[in-house]
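Enquirer: Just to be clear, the model below is a prediction. Sequence and coordinates:
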Amino acid sequence: MVILLIALPSFVLASTTTDTAQIVVLVCIVASVFTFVEYNSASPSLLEFRDAPPFNRVRFLGLAATVFSLSMIAKGATDPTTATRLFSLMGNALAEAMDFPYSPVRLVVLMLPAEADLNLIENVRTAAGLSYLVSLLSMAFFVLILRLNNWPSQRGGFNVWTNLPVFDPSAGGDVVDRLERDGQINIILGFLLPFVIPALVKLASDVFNPIQLQNPHTLIWMMTAWAFLPASLMMRGVAMLRVGQMVAAQRERAYLEEKDNEGVPA
């Protein structure tokens with residue numbers, strides 16, 4: 001599934017060059033090997049919440065929906081079909097609704113160079129609006145699952161070591177406080193990044209060559225990353241806050257049980 005996701009734009013777009021296809025194959029191999037090793041090893045290294053579905057499934061589906069939608073819109077520019085026209089109309093309507101002053105979509109449009117043509121501006125606006133909406137829906141869906149299914153405790157015990165490999169519970173300080181602090185930082189960063197990234201790109205374009213979004217592959221992956229990374233950070237923050245609540249509740253239960261047994265609370 002990871003291979004299909006990465007190769008999806010190359011399958012959909014007829015204008016894919018040989019060099020682009022070779023790069024896509026290399027990235028597919030690296031990503032698939034990494035995913036296979038992370039999900040089949042006893043001690044994961046980077047991938048979080050691998051044993052706490054549907055956290056990664058929601059992120060993957062949101063990422064896949066964004067890439068597929070943007071690929072269909074990009075295909076419509078050179079090979080229009082009924083399906084591509086439908087995606088284009090939906091994308092344009094969403095972009096117009098989300099393109100208001102100080103919105104992330106407006107900031108993405110403003111990061112383009114002054115000499116950008118109208119067609120490029122429309123393509124970027126459509127891609128930004130659609131990808132940002134998908135990221136918002138993904139976050140809302142995850143929060144809904146968290147509330148309705150009591151995630152992640154609906155599958156039994158939660159193993160912090162395998163689900164949070166980059167979080168060291170013994171690093172010092174109270175675990176609950178650290179989980180809550182890290183969760184809040186992730187939520188704040190996820191909220192700010194859609195606004196900060198266009199500003200940084202605009203500042204960097206004065207020093208370096210600006211990003212060429214005329215290439216459909218570049219446009220698809222840049223807009224996907226711009227929307228997916230902040231959404232992923234916010235979902236991670238919500239998940240860590242939830243884990244912190246679980247640890248605090250477990251402590252409270254242990255304290256009450258110890259008290260009922262007339263023992264000395266730890």
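Expert: Alright, I've got the coordinates. Numbering: from 1, shown residues only.
Enquirer: Tell me which helix or strand A116 sits in.
Expert: Under DSSP states H and E, no helix or strand contains A116.
Enquirer: Need the phi and psi values for it.
Expert: phi -60, psi 140 (degrees, to the nearest 10).
Enquirer: what comes up buried for stretch 106-122?
Expert: Across stretch 106-122, burial judged by 16 or more other C-beta atoms under 10 Å covers R106, L107, V108, V109, M111, L112, L120. Quick note: C-beta positions are derived from backbone N, CA and C, even for glycine.
Enquirer: correction: stretch 43-55
Expert: Judged by neighbour count (16+ other C-beta under 10 Å), stretch 43-55 contains these buried residues: P44, L47, E48, F49, R50, D51, A52, P54, F55.
Enquirer: what's in contact with it?
Expert: Residues from elsewhere that reach stretch 43-55, judged by C-beta atoms under 8 Å, 6 or more residues apart in numbering: 35, 38-39, 56, 142, 145, 151-152, 155, 158-159, 161-166, 235-236, 239.
Enquirer: From those, list the buried ones, please.
Expert: 35, 38, 56, 142, 145, 151-152, 158, 162-165, 235-236, 239.
Enquirer: In strands, which of those appear?
Expert: Using DSSP state E, no member of the buried ones among the contacts of stretch 43-55 falls in strands.
Enquirer: from the buried residues of stretch 106-122, which single one is nearest R178?
Expert: Closest to R178 out of the buried residues of stretch 106-122 is L107 (32.5 Å), distances taken as C-beta to C-beta.
Enquirer: Just confirm the closest one contacts A199, I think it does.
Expert: Yes: using C-beta atoms under 8 Å, L107 makes contact with A199 at a distance of 6.9 Å.
Enquirer: for the record, mean pLDDT for the helix ranked longest in the chain?
Expert: The residue-count maximum for a helix in the chain (DSSP state H) belongs to helix 216-260. Averaging pLDDT along helix 216-260 gives 89.
Enquirer: Relative to the whole chain's centre, how far out is that helix?
Expert: 12 Å (C-alpha atoms, centre = their mean, to the nearest Å).
Enquirer: And S170, how close does it get to T66?
Expert: In this view, S170 and T66 are 38 Å apart by C-beta to C-beta, to the nearest Å.
Enquirer: the more surrounded of those two?
Expert: Neighbours were counted for S170 and for T66 using other C-beta atoms under 10 Å; T66 has more, 26 against 6.
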